[in-house]
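Enquirer: need a 3D model of the following:
(one chain, ligands or ions: 1)
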Amino acid sequence: MQIRVLTLFPELFDGFWANGMIKRAVAVGRLSPETINIRSFATDRHQVTDDRPYGGGAGMVMKPEPLAAAIRQARSDLKRASGSEAADSTAIFMSPQGRLLNQDLARQLAGQDNLIFVCGRYEGVDERVIASDIDLELSIGEYVLTGGEVAAMVVIDAVTRLLPGVLGNADSTQVESFSDHRLENAHYTRPREFEGVAAPEVLLSGNHQAIDDWRRESALVRTLLKRPDLLRRQGLTTTEKAILRRWRREWDHLD
Ligand code: ADE
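Expert: All right, here's what the predicted structure looks like:
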């Protein structure tokens, strides 16, 4: 996957590309990221990228010309790099007004060949660029950040780990939280006992069927306790209903 990030603060991404899973994705040839400074598309002597808002008011607005030029250049570079006229890219504007990111959307984005992230600063971006050049407005949550850069990193992280061959264990994105509208099961490692609390005996039993059953049950009960809305949205299977009925019986015996 080719990723271009358009930002006024390209240095913010230097450490991001150079570490951990992103670095591995680049090393195995799954990800080819590039940061582009929007300022280099400003045509005036002082390379100005912002201006006062029409109508007055606080703050500055990102000017349309440098941003539109940067997006269009990124699109045409990506088209050329992929060697196909049909290979279009998705231009994503990071904004608290956008569609909320979730795991399903991350999976959809992971299926794209080319993503362009547009990171705004100041009070906002001239609306005409959003209308003419942006395919998707995307939010990472209902709060306001000072710019789109950290939000873009969140999306890139969530998407990159879904690219084939990036995580060591191919199973790990299948059983993780949200993959089937359930949270992931609890995890334990050595020591067997930590501060008086033992790891569940079944996980040390070597009985794979029993371990699988325990994990499914752990995932279900954690979802019930932490995110019951996920169960309401998706409904319960017959096995899950049986598990929860048993839990309720045990619960009832507590008092
Ligand atoms: N830019 C500022 N706040 C944001 C948010 N919550 N999500 C995405 N981009 C943003």
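Enquirer: okay, now the sheet partners of the strand ranked longest in the chain, with direction.
Expert: Looking across the chain with DSSP state E, the single longest strand is strand 90-100. Note on strand 90-100: by DSSP bridges, its sheet partners are strand 114-119 (parallel), strand 136-139 (parallel).
Enquirer: how would you label the residue of the stretch 151-255 of the chain found nearest the ligand: helix, strand or coil?
Expert: Residue of the stretch 151-255 of the chain nearest the ligand, by Cβ to the nearest ligand atom: Ala151 (3.4 Å). From N, CA and C alone the C-beta is placed, and that goes for glycine too. Three-state call for Ala151 (DSSP: H, G, I helix; E, B strand; the rest coil): helix.
Enquirer: need the strands paired with strand 90-100 in CSV (columns: mean neighbour count, distance to Asp213 and mean pLDDT).
Expert: Shown next, in CSV, are the strands paired with strand 90-100 (neighbours: other Cβ atoms under 10 Å; distance: least, Cβ to Cβ, whole Å; pLDDT from 0 to 100):
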stretch, mean neighbour count, distance to Asp213, mean pLDDT
strand 114-119, 26, 39, 98
strand 136-139, 19, 38, 98
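Enquirer: list the buried ones in whichever strand or helix holds Leu231?
Expert: Under the criterion of DSSP states H and E, Leu231 resides in helix 228-234. Within helix 228-234, the residues that count as buried by 16 or more other Cβ atoms under 10 Å are Leu230, Leu231.
Enquirer: any idea of the mean pLDDT in it?
Expert: The average of the pLDDT scores along helix 228-234 is 92.
Enquirer: what's the answer for stretch 148-156, then?
Expert: The pLDDT scores in stretch 148-156 average 98.
Enquirer: pLDDT below threshold where in the stretch 101-250 of the chain?
Expert: For the stretch 101-250 of the chain, residues meeting the criterion pLDDT under 70 lie at 170-171.
Enquirer: rerun that using 80 as the cut-off
Expert: Within the stretch 101-250 of the chain, the segments meeting pLDDT under 80 span 168-175, 179.
Enquirer: any idea what Phe93 is bridged to?
Expert: In this entry, Phe93 is beta-bridged to Val118, Glu137, by DSSP bridges.
Enquirer: for it, what are its contacts?
Expert: For Phe93, the contact set (Cβ atoms under 8 Å, 6 or more residues apart in numbering) comprises Val118, Gly120, Val125, Ile130, Ile134, Leu136, Glu137, Leu138, Gly148.
Enquirer: ok, and which of the residues you listed reach the ligand?
Expert: Subset of those in contact with the ligand: Gly148, counting by Cβ under 6 Å from any ligand atom.
Enquirer: dump the contacts of Phe93 to a markdown table, plus distance to Ile22.
Expert: Putting these into a markdown table (distance: Cβ to Cβ, whole Å) gives the following:
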| residue | distance to Ile22 |
| --- | --- |
| Val118 | 19 |
| Gly120 | 22 |
| Val125 | 26 |
| Ile130 | 27 |
| Ile134 | 24 |
| Leu136 | 21 |
| Glu137 | 24 |
| Leu138 | 18 |
| Gly148 | 17 |
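Enquirer: closest to Gly20 among the contacts of Phe93?
Expert: Gly20 lies nearest to Gly148 out of the contacts of Phe93, by Cβ to Cβ, at 21.1 Å.
Enquirer: domains for this protein, by residue range?
Expert: With domains defined by automatic domain parsing, the chain comprises 2-160, 177-252.
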